[in-house]
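Colleague: Generate coordinates for the sequence data below:
(2 chains)
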Amino acid sequence: MTGWLFLLPGFGIICLCVLLPAALALGLSFTNCSRFLTVQWAGLDNYRRILTDPVALKAVGNTLYYLALFVPTNLALALGIALLLNRRFPGIKFIRSVYFVPVAVSGIVAVSIFRFLFNYDNGPINAVISTMGFEPVPWLASEGWAMIAIVMITLWKSTAFFSIIFLAALQDVPQELYEAASVDGAGRWAKFFHVTAPSLLPVIMIVFTLSAIGAFRIFEPMFVLTRGGPADSTVTVSLLAYGAAFSSGELGYANAISFVLLTVILAVTLVLNRISRKLEARW
Amino acid sequence: MRQVLILYVGSLLLMAGLWLMGGHGRPLATTGEKTIEFWTYAGGGSAGRSTRFWRGLADRFEKENPGVRILTVTDIDQGNYVQMLSTRVIGGTPPDVLIMDDNMAVGLNEEGLIAPLDDFLRRDPTYHVEDFPASMMRDGRVAGTQYWIPWYGGSSCLMYRTDLFEQAGVSPPRTWQEFLDVCRTLQAKLNMPHPLAFDVEVAFWLMPWVWQNGGEILSPDHRKVLIDSPEFIEAVQFVHDLMYQHHFMDSGLARGMLVKDLWSAGKVAMIIGGTWEIGMMDDNYPQWKGRWEVAPLPAGRLAASFYGGQQLMMTRKCKYPELAWRFMVYATRPENQKLWTDITGSPPANLKTLEMTEFRREHAHFVRLKQAMLTGRNNPLAPFFAEIWYGRFSNVVLHRVMSDPNGDVAAAVREAVSQMQKIVDNYWASHKHFVQGE
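Modeller: I've put the predicted structure just below:
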């Protein structure tokens, strides 16, 4: 009983600061609510609008496109870099520390740096491309390239974090397994697929899940760099919700978008957890 | 159990302490003092100057009205203004008097938050409606009721280098054809590849061209999107052609701050700007002091220019409405409007200010553009206007075609119409009839 009483204040704060606002937001999602909290019942209209509004559908498409580009690339890069860093040689600790710097840089600062790097006329990236004999790329001004530029920024920012997670997991893999594999004549790739990957499976699934959740919620680079442009090519679900709430003052619609996103993220997380458990049982 | 009791009592004491330390809405006034809380937002480069003007005005008003305190809140960033205002409104403590951009004010008025001013206008012989541009007064009316009065109004205009024009032997163009001829002459005589610049991806600058060609954005009742008219498409195509057919503008540099960079570097002879920038031109570009002028925009089928700005209004929850009205009238007096221009460089809305001898001497640029004040027009003041014009239209049309030499203006406009109309229809499905300016 005493234990429950100790839990009560914390639980009360969670109810007040998390559950109650969430419940209110869910209620508002069934209304037309202005930024001055003038409320009018709307039923399922906001949810229907998500399915018929071309901008909302474009936002969903862009988010899935970002997910498809970011998640597998992030996973592969993070694991690859972790494997490279999982060695012992002079200076490796320094290299690992330097490599972690992008994680320490704030998101807004990182995006601002890349705005300069991607500048069409004066940016260093286009300068390098030009010296290689290619045409400069209109990174943030082109419908085709804008999302790719944003993926590059978020990869730079987050791969380091996930590679540290992989690095920690790699160091837990028993060396005896590698020795046994060597004795059995396994080469580098065979060791990776039959020793490293199965040992890292739980961590791979965690990184995959966290990357996917982050990808669904992506907002900062689009908000700072492109505001969803050019021509809606980088508008995502989170940016759409922000625009609906703070630009258009349509809090009901914004809340509906947020709850749809929450539902999708929960569903994806549950599915990935199930897959993870099945794979672990099998391997 | 004793630990639990300590935990609960400690938490309650902590929360009580935090509540006591926190703010309680408005600052407490001295006994007997009447306080009017006034809000305006800090915009752009003149932010500090605006604060200086309003504090000075408030001090003078307080001296002339003992027992009155004007609490000025002038440093809210423009981007956060509406959000902060909505927080105060929801909390039940809105400011008494505020300034808002007319586009922002429409949403506020729709919520029923602004106090009608007809009674004050009827009873107060010191405020003369005819001293202010008719279009701005009209913008403040809904169904015949006046909800705000003009504070300052700006118009779009041509800004040009007088020395370069003299060198090329040209005068400010008055028509679209003259405009093309002047650009061509500047290119040839000055060896200037791109004599013109303005931000082609900001829909605001496109509006005058559209109106001048007889096009419209919305129907008068704000229910139908009209951008697929031949006149509208022709106007957008004209701007597109300025870059890609006539090469009067550099398509890569006709964007945002690059336009001002080109002006600063002397690489263009003309830009399209607003009269709200006039006051800062010599400070920002001292190298061109005395070597630039303003002129009305060249006319197409019609002579049309944007004219709109900031409005002064009172909220319904104002405790001292008579006092608030006196403060509003005081602020809009010609001498105070002149002071506003002196300090901030922004144009006045009071036409009497333009007749003052000192004003005519010190701010001749604004006097030259007086006609735009009298005949200019605002964009449709509908709550959804920003979303359809600066959102959908910009994204679907401008961002796509203005950076593409082969951009199909008509196709992009047709795609934008359906998206814009959907937003308009959604709005009217859940809102009662409300048209600002009726």
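
Colleague: Spatially, which residue comes closest to B:Asp181, not counting chain neighbours?
Modeller: Nearest residue to B:Asp181 in three dimensions, chain neighbours excluded: B:Pro173, at 7.2 Å (CB to CB, 6 or more residues apart in numbering or on different chains). (C-beta placed from N, C-alpha, C; glycine too.)

Colleague: Show the contacting residues for the one you found.
Modeller: Contact analysis of B:Pro173 by CB atoms under 8 Å, 6 or more residues apart in numbering or on different chains lists B:Leu158, B:Phe179, B:Asp181, B:Val182, B:Pro298.

Colleague: from what I can see the last one touches B:Leu158, true?
Modeller: Yes: with contact taken as CB atoms under 8 Å, B:Pro298 and B:Leu158 are classed as touching, separated by 7.3 Å.

Colleague: any idea how far the residue nearest to B:Asp181 is from chain A?
Modeller: Look at B:Pro173 and chain A: by CB to the nearest CB, to the nearest Å, they are 30 Å apart.

Colleague: Would you list the phi and psi of that residue?
Modeller: Dihedral pair for B:Pro173: phi -70, psi 140, per degrees, to the nearest 10.

Colleague: same deal with A:Gly91?
Modeller: For A:Gly91, the backbone dihedrals (degrees, to the nearest 10) come out as phi 90, psi 0.

Colleague: Check B:Gly309 too.
Modeller: Dihedral pair for B:Gly309: phi 180, psi -130, per degrees, to the nearest 10.

Colleague: excluding its backbone neighbours, what's nearest it?
Modeller: B:Gly309 sits nearest to B:Gly153 (CB to CB, 6+ apart), 3.9 Å away.

Colleague: following the helix or strand that contains A:Asn74, which helix or strand comes up?
Modeller: Following DSSP states H and E, one finds A:Asn74 within helix A:54-85. Counting by DSSP H and E, the element after helix A:54-85 in chain order, helix or strand, is helix A:92-99.

Colleague: The residue most central in space within chain B and chain A, how far apart?
Modeller: Centroid-nearest residue in chain B: B:Gly309, 3.9 Å away (criterion: CA atoms, centre = their mean). According to CB to the nearest CB, B:Gly309 and chain A sit 21 Å apart.

Colleague: Between helix A:92-99 and the helix holding A:Asn74, find me the angle.
Modeller: 170 degrees (axes from the mean of the first three to the mean of the last three CA atoms, to 10 degrees).

Colleague: Only the buried residues of helix A:54-85, if you could.
Modeller: A:55-56, A:58-60, A:62-63, A:65-67, A:69-71, A:73-75, A:77-79, A:81-83, A:85 (16 or more other CB atoms under 10 Å in any protein chain shown).

Colleague: The stretch 1-150 of chain A against chain B: which residues are in contact?
Modeller: With CB under 8 Å from any CB of the partner chain as the criterion, the stretch 1-150 of chain A comes near chain B at residues A:2, A:5-6, A:9, A:32, A:34-38, A:40, A:42, A:45, A:49, A:53-55, A:120-121, A:138, A:141-143.

Colleague: now those residues: which count as buried?
Modeller: Among these, those classed as buried by neighbour count (16+ other CB under 10 Å) are A:32, A:34-36, A:42, A:45, A:49, A:53, A:55, A:138, A:141-143.

Colleague: Which of the residues you listed sits closest to B:Gly112?
Modeller: Nearest to B:Gly112 among these is A:Phe36, at 9.2 Å by CB to CB.

Colleague: wait, what's in contact with A:Val111?
Modeller: Applying CB under 8 Å, 6+ apart, we find A:Val111 in contact with A:Ile153, A:Glu220, A:Pro221, A:Val224, A:Leu225.

Colleague: cool, B:Ser418 as well?
Modeller: Neighbour list for B:Ser418: A:Pro54 [criterion: CB under 8 Å, 6+ apart].

Colleague: Please, which helix or strand holds it?
Modeller: Going by DSSP H and E, B:Ser418 is in helix B:409-430.

Colleague: Tell me the buried residues in that helix?
Modeller: Neighbour counts over helix B:409-430 (16+ other CB under 10 Å) mark B:409, B:412-413, B:415-417, B:419-424, B:426-427 as buried.

Colleague: For chain A, which segments are assigned as strands?
Modeller: For chain A, the strands identified by DSSP state E occupy A:31-33, A:39-41, in order along the chain.

Colleague: ugh, wrong one, I meant the stretch 251-400 of chain B
Modeller: Remark: strands assigned in the stretch 251-400 of chain B by DSSP state E, counting those that start in this stretch are B:270-274, B:292-295, B:307-314.

Colleague: gap between the shortest one and the chain center?
Modeller: Relative to the mean C-alpha coordinate of its chain, strand B:292-295 is positioned 20 Å out (CA atoms, centre = their mean, to the nearest Å).

Colleague: just the first one next, same as before
Modeller: A distance of 16 Å separates the C-alpha centroid of strand B:270-274 from that of its chain, computed with CA atoms, centre = their mean.

Colleague: what's in contact with the helix or strand bottoming out on mean pLDDT in chain A?
Modeller: Least confident helix or strand, chain A: helix A:92-99 with a mean of 82, by mean pLDDT, DSSP states H and E. For helix A:92-99, contacts defined as CB under 8 Å, 6+ apart pick out A:Ile81, A:Leu85, A:Ala160, A:Ser163, A:Ile164, A:Leu167.

Colleague: Just give me the least confident of the residues you listed.
Modeller: Within the set of the contacts of helix A:92-99, pLDDT is lowest for A:Leu85 (87).

Colleague: number of nearby residues for whatever residue of the stretch 201-350 of chain B ends up closest to chain A?
Modeller: Of all residues in the stretch 201-350 of chain B, B:Gly252 sits closest to chain A, with a separation of 7.1 Å (CB to the nearest CB). B:Gly252 has 14 neighbouring residues, counting by other CB atoms under 10 Å in any protein chain shown.

Colleague: correct me, but it touches A:Tyr120?
Modeller: Yes: when contacts are counted by CB under 8 Å, B:Gly252 is listed as touching A:Tyr120 (7.1 Å).

Colleague: any low-confidence regions in the chain?
Modeller: If you meant another chain, say so; for now it's chain A. For chain A, the stretches flagged by pLDDT under 70 are A:283.

Colleague: let's do chain B instead
Modeller: Per-residue confidence for chain B (pLDDT under 70) gives these ranges: B:21-32, B:43-47, B:433-438.

Colleague: got the residues of it near chain A?
Modeller: Neighbours of chain A within chain B, by CB under 8 Å from any CB: B:1, B:3-4, B:7-8, B:11, B:82-83, B:86, B:89-90, B:107-108, B:111, B:113, B:252, B:383-384, B:386-387, B:391-392, B:394-396, B:399-400, B:403, B:418-419, B:422, B:426, B:430.

Colleague: Among these, which are located in helices?
Modeller: Per DSSP state H, helices hold the following members of those: B:3-4, B:7-8, B:11, B:82-83, B:86, B:89-90, B:107-108, B:386, B:399-400, B:418-419, B:422, B:426, B:430.

Colleague: Of those, select the buried ones using a ChimeraX command.
Modeller: In ChimeraX, a selection of the buried entries from these looks like this (16+ other CB under 10 Å):
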select /B:4,82,86,89,107,108,386,399,400,419,422,426
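
Colleague: can you pull out the helices in the stretch 1-150 of chain B?
Modeller: For the stretch 1-150 of chain B, the helices defined by DSSP state H, counting those that start in this stretch occupy B:2-21, B:47-64, B:78-90, B:102-110, B:118-123, B:134-139.

Colleague: which other helices and strands contact the last one?
Modeller: This points to helix B:134-139. On a contact count with 3 or more CB pairs under 8 Å, 6 or more residues apart in numbering or on different chains; DSSP states H and E, helix B:134-139 meets strand B:149-161, strand B:307-314.

Colleague: Just give me how far the shortest one sits from the chain centre.
Modeller: It stands for strand B:307-314. 8 Å.
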